[in-house]
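Novice: got a predicted structure here, sequence first:
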Number of protein chains: 2
Amino acid sequence: MEIKPTDSELEILNILWENGPSTVRDVHDVLERSKDAGYTTTLKLMQIMHDKKLLVRDETARSHVYTANISQQKTQGQLVKKFIDNVFNGSASQLVMQALGNHKANRQELDEIKQLLAEMEKKMKNR
Amino acid sequence: MEIKPTDSELEILNILWENGPSTVRDVHDVLERSKDAGYTTTLKLMQIMHDKKLLVRDETARSHVYTANISQQKTQGQLVKKFIDNVFNGSASQLVMQALGNHKANRQELDEIKQLLAEMEKKMKNR
DNA sequence: TTTGTTTTACGAAAACCTTCGTATGTTTGC
DNA sequence: GCAAACATACGAAGGTTTTCGTAAAACAAA
């Protein structure tokens, strides 16, 4: 099952993942803070995402309540995989180098990454 | 200066970065191995990329010779930045975790990343 | 020279994404 | 009840990307 949300769709998915089930109005209010778009634009986008099964909705109330129908984890995973293939010819570590090199991570983030690396090393030895 | 090649354009850029200056025929032959597209499609794409200044070309010979006009480094950097913003709300380390978690890097790659991490830590302390 | 191959240029169709206007129906508050 | 506010549905315009057919020019070989 291929997942490839567009940039606009990703914006909406991010809001839904963050805030949980929301109406078009809810999403639009968040979107409006960073973007300039009409209400019906957001509505239309979410309707199309519903058609594409990216969202499910509860039509009980007049204001439909939308929920993301794909997990953030899985979506990010697929997008990263595709990105690595397209941009780094399949080399994950090259992507990591780029990401770490250009963006300064803070102490906590560095510690988390170090820990992950340590775990990966352990797994490699145990084989 | 905003750079945002499409996926198709990126395929061509990757070939040019890999192989150096090439004719449309050269690029198309490579492309054909992994994709199914007509020659004029590749031609048109490269002409458009030329219009967009993504490529430069030498028209001396009948078969024009195209060269990438943006560096792989810089392009990857911009794409990673945009990707992190869109998909991981700006958190580079989250991307790193995803990339490292799902794709298994080999020993050498792990070492390179460890070294990079060490350097970043050193820089943090010296401040 | 003539025929066939290769190349560029160009137009246009098809698909997709984004945006918005308008119609229509529902709800709320006075 | 009625006007104002709010919601959905829908069509269509405008933009971009991808694809391909066709024409014209350059070249190669017989």
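Specialist: Perfect, thanks for sending it. For clarity, every value in this text was computed on a predicted model and none was experimentally measured.

Novice: and the helix or strand containing A:Leu79, which residues are buried?
Specialist: Following DSSP states H and E, the helix or strand that holds A:Leu79 is helix A:72-88. Of the residues in helix A:72-88, those scored as buried under the neighbour-count criterion (16 or more other Cβ atoms under 10 Å in any protein chain shown) are A:75-81, A:83-84, A:87-88. C-beta: built from backbone N, CA, C; applies to glycine.

Novice: how's chain A carved up into domains?
Specialist: Taking automatic domain parsing as the criterion, chain A consists of the domains A:1-89, A:91-127.

Novice: can you list the weak-confidence ranges in chain A?
Specialist: Scanning chain A for pLDDT under 70 picks out the ranges A:1, A:103-105, A:125-127.

Novice: tell me which parts of it are close to DNA strand C?
Specialist: In this structure, chain A approaches DNA strand C at residues A:6-9, A:37-38, A:40-41, A:44-45, A:48, A:62, judged by Cβ under 7 Å from any atom of the strand.

Novice: between the residues you listed, which sits nearest chain B?
Specialist: A:Asp7 (5.9 Å; Cβ to the nearest Cβ).

Novice: neighbours of the closest one, how many?
Specialist: The tally of other residues near A:Asp7 (other Cβ atoms under 10 Å in any protein chain shown) stands at 10.

Novice: what does the one 5 residues further on give?
Specialist: The number of residues packed around A:Ile12, counting by other Cβ under 10 Å, is 25.

Novice: by contact count, what packs against the host helix or strand of it?
Specialist: Taking DSSP H and E as the criterion, the element that holds A:Ile12 is helix A:7-19. Counting contacts by 3 or more Cβ pairs under 8 Å, 6 or more residues apart in numbering or on different chains; DSSP states H and E, helix A:7-19 packs against helix A:24-34, helix A:39-51, strand A:65-68, helix A:72-88, helix B:72-88.
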